[in-house]
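# build me a structure from this.
(2 chains)
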Amino acid sequence: MTGFRVVGRDAPLPLGWKSFAILLTALAFAFFVCSMLLLVQGKSPWTALVLLLQGGFGGRYPLEDTLLKAIPLFLCSAGVSIAFRMKVWNIGAEGQFALGGVGATAAVLLLPPDAPAWIMLPSMMLGAALSGGLWGFLPGLLKLRFGLNEIISTLMLNYIGIELMRYLVYGPWKAPSSMGFPMTAMFPASAIFPSLFGRTHAGLLLCVVTALALAAFLSRTRLGFELRAAGENPRNARYARIPYGFLLLFVLTLSGALAGLAGCVEVSSTFNRLQPNLCTGYGYTAIVVAWLSRLRISSIAFFSFFLAGLKVGVENLQIELQVPAAFGGILEGFILLCVLAGQFFHHYRLVRAGAQQEGETA
Amino acid sequence: MSGDLFISLLAATILAGTPLLYATLGEMLTERSGVLNLGVEGMMLLGAFFAFFVEMKTGNHWLAVLAAGLGTGCIGLLHGVACLVFQGNQTVSGLALTIFGVGLSDYLGAPFVGTLTEGFQPFPLPVLGQIPLFGPVFFQHNALVYLSYLMPPLLWLFLNRTASGLTLCAAGEYPDAVSAAGASPNRMRWFGIFAGAFLVGLGGAYLSLCATHMWTYNLTAGKGWIAVALVIFAFWRPGHAVLGAWLFGGIMALQLRLQALGANIPSSLLMMLPYALTILALLWASARGRGRGAPAALGENIAPGA
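Presented below is the predicted three-dimensional model:
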């Protein structure tokens, strides 16, 4: 620290041009370092960067792809962010997503195949929200009753949930018509989300409704306001008559239900059936999205789109440059690390060692 | 006959428990200094890759182990930069490190999937290996297993009987006191992160050099996360970590046996076993006392002095 001193800010940096500049710098640094990794495999970082952004955002077809991936990602991220607001670390969106797929498929299998869409789709969503919600409720109960660390319990439930889904697809739910492949039968047309425009389906509406409902809940209701207070200090929250235990269960169940809905969207619109490769990491990317957006619903919409675009872009890299798909994980993880480090400057600033202690407020 | 089966199951328990033991001790060391590093899963995979890569290039097993330790230690330092320098949230930084580490090991290892390595071969220890029952269970394994037997007592001695070990624990309990005593809690935490990641790297090296002798995707399959849970299960005590690691080693060994025997249980349900047991183990630990033994300042950053 020669020449510079770290000084705490009086108040955290508000959302604005300065925090935006910090974010952009962190993103640029992350992209720079990750593209250097491409040199290891003898690929041009610049070409790769262009292909990445073109693949995700350059044109109508890529943008549609990105939007389709942004829908489940938004639902998962919104759920995760509600839990994070209360400092409840729900890392289990991946498993809740899988259970959502299972719940939606259960509804399809239980209803007669000729059931109309207005019965089929709501039943699927209900099934998904219930099963995903249950997968969020369980770690909540374990934390409340036994003080179990929710990071570990939600993570373990990811593995258990995905194995449960695989068990069903490989066993009792395997369709006789699938020639031995582990998958259910194709869903009837009434179990598939209708198209809104182009390839974009009604899952987008689900996102809009979720966003509006959550925004209203967080800013207009007492419970929504109490979330953050409860997260800051559970003991004080109890003194302030904030129902901590109820909030904990509520938040984790809601979080799980939203991830479950994302699972419903995926089985219905992307796969049209339940199959073992349902889980492709939306639940983990959701953590990145939630943190980048500093848990704000509007920013979550933006960053879901951005990270969905990167996912599509990485697929493009895979096809055009034979870059392994794992490059996406590197990018996401490193972006999160850099943005997290950048948030240091929301609370602190650097001043020249010689400068006066009480300079102008930066 | 069933006695032989039992002994071989116990021996398999030790083999399966060893990578968990390294990773648990590593994470324990880091947490005792007050830093929660949830990047174990990612770091362990990278350790496995570094070891595999150096083994493939040089054929020198011990150089491979050293590379895994040092390389993973350096990856751990990323967590240090994010949390100790830039005051980032330790939970989020650790998760980011796992996402990054899983991605990086898959990325770097993609061209080598399926490549075989020689790795460490088992050899019975003289005298000890001849003891009935104990010999086959404990002393007819490979060098990394024998090395792992030394780790818990060494870590215990370091944490409880050396000045720097006690300072490191103080940095995890009450960092202000360390500052007041004229030492730097952050320096202890840097050491805790690096040395802890080094041990986690050894756990990874075990997977590619001793367990599979081959590079494939997802070698850890959640073992890093189980190690994080085992630290809680062991109440942050090196001695307890041995029991936890071998208990889970036993479950994994049993799971493999049942699968190999073609028991009438779907493989997916068997696969759930270690993860479900992790939750049960934490329930047991919680019944013995919530958060017992946890460092008081675990997960809390030390604000930079003005």
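
# when you work out contacts or count neighbours from here on, use the C-alpha atoms and nothing else.
OK.

# can you tell if the helix ranked longest in chain B touches chain A?
Ordering each helix of chain B by length in residues (DSSP state H) puts helix B:2-32 first. No - Helix B:2-32 does not reach chain A (CA under 8 Å from any CA of the partner chain); its nearest approach is 14.1 Å.

# that helix: how far from the chain's middle?
10 Å (CA atoms, centre = their mean, to the nearest Å).

# chain center to whichever helix or strand comes after that helix, what's the gap?
Beyond helix B:2-32 on the C-terminal side, the first helix or strand identified by DSSP states H and E is helix B:40-58. The chain centre lies 14 Å from the centre of helix B:40-58; the measure is CA atoms, centre = their mean.

# tell me the helices and strands packed up against helix B:40-58.
helix B:2-32, helix B:61-80, helix B:90-109, helix B:185-206, helix B:223-233 (3 or more CA pairs under 8 Å, 6 or more residues apart in numbering or on different chains; DSSP states H and E).

# I'd say residue B:303 and residue B:87 touch.
Yes - with contact defined as CA atoms under 8 Å, residue B:303 reaches residue B:87; the gap is 7.2 Å.

# closest residue of the stretch 101-250 of chain B to chain A?
residue B:103 (4.5 Å; CA to the nearest CA).

# give me the neighbour count for that residue.
Neighbourhood size, residue B:103 [other CA atoms under 10 Å in any protein chain shown]: 26.

# who's in contact with it?
A:326-330 (CA atoms under 8 Å, 6 or more residues apart in numbering or on different chains).

# so which of those residues sit within helices?
A:327-330.

# buried ones among the residues you listed?
Among these, those scoring as buried are A:327-330 (criterion: 16 or more other CA atoms under 10 Å in any protein chain shown).

# so which elements touch the helix or strand bottoming out on mean pLDDT in chain B?
Across the helices and strands of chain B, mean confidence by mean pLDDT, DSSP states H and E is lowest for helix B:134-138: a mean of 86. Counting contacts by 3+ CA pairs under 8 Å, 6+ apart, helix B:134-138 is packed against helix B:2-32.

# now do the buried residues in the helix it packs on.
Buried, per 16+ other CA under 10 Å, within helix B:2-32: B:7, B:9-32.

# what are the buried residues along stretch A:29-42?
Using 16+ other CA under 10 Å as the test for burial, stretch A:29-42 gives A:29-31, A:34-38.

# any residues touching it, and which ones?
A:44-46, A:48-49, A:330-331, A:334-335, A:338.

# of the helices and strands packed on helix B:40-58, which is nearest residue B:38?
helix B:90-109 (4.1 Å; CA to CA).

# could you check the angle helix B:223-233 makes with the closest one?
150 degrees (axes from the mean of the first three to the mean of the last three CA atoms, to 10 degrees).

# where does the chain dip in pLDDT?
This is for chain A. Applying pLDDT under 70 to chain A flags the ranges A:1-2, A:354-362.

# hmm, no, I was thinking of chain B.
Those would be B:1, B:263, B:290-291, B:305-306, if you go by pLDDT under 70 across chain B.

# let's see it at 90
Filtered on pLDDT under 90, chain B yields the residue ranges B:1-8, B:59, B:110-111, B:114-142, B:182-183, B:211-214, B:216-218, B:255-271, B:286-294, B:299-306.

# so stretch A:156-172, near chain B or not?
Yes - interface with chain B: stretch A:156-172 contributes A:156-157, A:159-160, A:163-164, A:166-167 (CA under 8 Å from any CA).

# ok, so of the contacts of stretch A:29-42, who is nearest chain B?
Nearest member of these to chain B, counting by CA to the nearest CA, is residue A:330, at 4.5 Å.

# touching, the closest one and residue B:98? I think so.
No - look at residue A:330 against residue B:98 with CA under 8 Å: they stay out of range, at 9.6 Å.

# near chain A, which residues of the stretch 101-250 of chain B are found?
Contact residues of the stretch 101-250 of chain B with respect to chain A, defined by CA under 8 Å from any CA, are listed as B:101-104, B:106-107, B:110, B:225, B:228-229.

# give me that answer again for 10 Å
B:101-111, B:221-222, B:225-226, B:228-229, B:232 (CA under 10 Å from any CA of the partner chain).

# buried subset of these, written for ChimeraX?
Of these, the buried ones can be selected in ChimeraX as follows, counting by 16+ other CA under 10 Å:
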select /B:101,102,103,104,105,106,107,108,109,110,222,225,226,228,229,232
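
# I'd like the residues of stretch A:156-172 next to chain B written out as a markdown table, with secondary structure and neighbour count added.
As requested, the residues of stretch A:156-172 next to chain B are exported to a markdown table (DSSP: H, G, I helix; E, B strand; the rest coil; neighbours: other CA atoms under 10 Å in any protein chain shown):
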| residue | secondary structure | neighbour count |
| --- | --- | --- |
| A:156 | helix | 26 |
| A:157 | helix | 26 |
| A:159 | helix | 21 |
| A:160 | helix | 23 |
| A:163 | helix | 21 |
| A:164 | helix | 21 |
| A:166 | helix | 24 |
| A:167 | helix | 19 |
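
# wait, which of the buried residues of stretch A:29-42 is closest to residue B:37?
Of the buried residues of stretch A:29-42, the one sitting nearest to residue B:37 (CA to CA) turns out to be residue A:30, at 20.7 Å.

# so which residue is dead centre in chain A?
Nearest to the mean C-alpha position of chain A, by CA atoms, centre = their mean, lies residue A:286 at 1.9 Å.

# element containing that residue, please.
Counting by DSSP H and E, residue A:286 is part of helix A:282-292.

# what packs against that helix?
For helix A:282-292, the packing partners by 3 or more CA pairs under 10 Å, 6 or more residues apart in numbering or on different chains; DSSP states H and E come out as helix A:60-85, helix A:93-110, helix A:244-265, helix A:297-321, helix A:327-342, helix B:90-109.
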